[in-house]
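Asker: Got a predicted model here, sequence first, then my questions.
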Amino acid sequence: MSFRTSHSSPSLILDDVRGAQKMLAGVARTTPLEGSRHLSALVGAPVHLKCENLQRTGSFKLRGAYVRISGLRPEEKAAGVVAASAGNHAQGVALASSLQGVRSTVFMPVGAPLPKVAATREYGAEVRLHGQVVDETLAAAQEYARETGAVFIHPFDHLDIIAGQGTVGLEILEQCPEVRTIVVGIGGGGLAAGIGVAVKALRPDVRVIGVQAEAAAAYPPSLAAGRPLTVDTAATMADGIKVGRPGDVTFDLVREAVDEVRTVSEDALSSALLLCLERAKQVVEPAGASPVAALLSAPEAFAGRGPVVAVLSGGNVDPLLMQRILRHGMTAAGRYLSLRLRLSDRPGALATLLGVLSRLDANVLDVAHVRTNPRLGLTEVEVEVHLETKGPEHCAEVAAALGEEGYAVIG
């Protein structure tokens with residue numbers, strides 16, 4: 001699904017972005033731009049991946065945090081900084097503060113993934129776990145700022161943050177001067193606004209496309225209304241872009257500098273993450289894979305508009321979540337098949353079924369064998385099998401072959 005925006009000249013802070021790029025020299029990495037033959041063939045135009053998942057701390061967030069903290073007055077730095085985040089912003093603030101000798105306190109939700117909590121501490125922040133959801137964590141961090149005088153570092157809604165994130169756009173123009181379309185995930189809008197401002201000021205012909213998860217898409221209704229709106233967000237695997245309201249600063253810049261905002265499904269997100277891992281050999285979190293999800297969902301929308309650069313904004317994903325998402329992605333790609341069958345309750349019946357599946361080259365992952373159920377006849381058993389297949393066509397072949405072998409597939 002797509003929603004159009006309108007824009008005027010956003011050149012007001014281009015100098016800020018250029019200044020941020022100089023400030024970040026030797027601090028943030030110039031992340032690589034990798035070509036994707038698979039996506040290029042799908043879209044019918046060259047597609048490149050801007051690998052911010054390989055940035056220090058695993059995401060683009062270091063850029064904005066470092067610029068924001070660098071701009072503090074000496075007395076503000078002496079008071080320390082505070083932030084609230086479930087992951088990427090936390091790590092960006094922690095490292096940016098440590099590099100500048102500034103004390104940092106980061107509030108994280110009680111249920112934040114342990115690897116992200118550990119990494120934030122290792123980067124030098126004092127971590128305080130508070131609240132079950134980010135809104136509660138945010139309130140605690142703001143209260144801490146009021147009580148202690150620490151400077152609250154907003155994750156996206158500040159011009160210094162946006163300028164820092166905009167350096168990604170300058171790098172893209174340097175690495176791919178012929179670029180015609182840039183696709184970037186949108187949560188609060190800091191990255192998309194920064195890239196849009198930098199790119200549109202230098203190359204107004206380049207299209208900047210924002211991407212949100214369907215379950216947490218605050219920008220489409222806000223753009224339609226002409227002002228930031230708060231929306232109810234549902235659960236989404238792309239927690240890095242799950243923001244219920246655009247920022248006041250970022251909204252205006254996104255409206256000016258982003259041409260279009262598209263939304264993607266959970267299936268598309270999981271398929272994109274799987275593709276990044278298998279084809280591009282990139283570990284990417286779901287939010288970071290959202291631009292790839294947009295390409296997979298509607299490749300025709302980008303045909304003739306290449307080269308296309310998709311920004312992989314982060315790679316901090318909990319291993320347990322990655323395991324679940326990969327299975328979801330393989331299911332969405334038609335590479336898992338779950339079947340329920342009824343067999344005769346006789347010795348060797350299950351072994352015979354497994355032999356048939358082996359001949360069909362379907363890999364059995366799980367088997368559930370039910371012998372007591374009111375639905376079953378006296379001489380029947382029910383078997384549920386979960387299979388790994390080679391794709392949708394192979395799934396159809398397996399199901400058809402089981403029917404030809406006389407098996408009753410009931411689900």
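Answerer: Nice, I can see it. Residues are numbered from 1 along each chain as shown.
Asker: which residues of the stretch 1-150 of the chain fall in strands?
Answerer: 2-4, 33-35, 47-51, 81-84, 104-108, 126-129 (DSSP state E, counting those that start in this stretch).
Asker: Quick one: closest of the ones you listed to residue 399.
Answerer: Proximity to residue 399 (CB to CB) singles out strand 47-51 among the strands of the stretch 1-150 of the chain, at 34.0 Å. Yep, even glycine has a C-beta here, placed from its N, CA and C like the rest.
Asker: Report the buried residues of that closest one.
Answerer: For strand 47-51, a neighbour-count test (16 or more other CB atoms under 10 Å) marks 47-51 as buried.
Asker: what's the answer for stretch 117-132, then?
Answerer: 117, 119-120, 123-125, 127-128, 130-131.
Asker: What lies in contact with it?
Answerer: Defining contact as CB atoms under 8 Å, 6 or more residues apart in numbering, one finds that stretch 117-132 is touched by 57-58, 90-91, 93-95, 97-98, 103-112, 136-137, 139-140, 144, 316.
Asker: buried sites along stretch 162-176?
Answerer: Those would be 162-173, 176, for stretch 162-176 by 16+ other CB under 10 Å.
Asker: between those, which is closest to residue 254?
Answerer: residue 162 (10.0 Å).
Asker: Leaving out the residues flanking it, which one is nearest to that closest one?
Answerer: residue 194 (4.5 Å; CB to CB, 6 or more residues apart in numbering).
Asker: The one you found: neighbour count?
Answerer: Neighbours of residue 194 under the rule other CB atoms under 10 Å: 33.
Asker: Residue 360 too?
Answerer: 17.
Asker: And the pLDDT at it?
Answerer: Here the pLDDT value assigned to residue 360 is 82.
Asker: Surely it touches residue 396?
Answerer: No. Applying CB atoms under 8 Å, one finds residue 360 not in contact with residue 396, separated by 11.4 Å.
Asker: still on that earlier bit, now which of the contacts of stretch 117-132 would you call buried?
Answerer: Among the contacts of stretch 117-132, the ones that count as buried by 16+ other CB under 10 Å are 57-58, 90-91, 93-95, 97, 103-109, 112, 137, 140, 144, 316.
Asker: low-scoring pLDDT stretches of this structure, where are they?
Answerer: 1-12, 369, 371-379, 411 (pLDDT under 70).
Asker: Export the longest helix along it to CSV, keeping only CA atoms.
Answerer: The single longest helix within the chain, with elements called by DSSP state H, is helix 159-175. What follows is helix 159-175 as a C-alpha-only set of coordinates in CSV (Å, rounded to 0.1, in the frame of the first residue of the first chain):
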residue,chain,number,x,y,z
LEU,A,159,17.5,18.8,14.4
ASP,A,160,20.9,17.7,15.5
ILE,A,161,19.7,14.1,15.5
ILE,A,162,18.2,14.5,12.1
ALA,A,163,21.4,16.1,10.7
GLY,A,164,23.5,13.2,12.0
GLN,A,165,21.2,10.6,10.4
GLY,A,166,21.2,12.7,7.2
THR,A,167,24.9,11.8,6.7
VAL,A,168,23.6,8.4,5.4
GLY,A,169,22.1,10.3,2.5
LEU,A,170,25.4,12.1,1.7
GLU,A,171,27.2,8.8,1.7
ILE,A,172,24.7,7.3,-0.7
LEU,A,173,25.1,10.1,-3.2
GLU,A,174,28.9,9.7,-2.9
GLN,A,175,28.8,5.9,-3.3
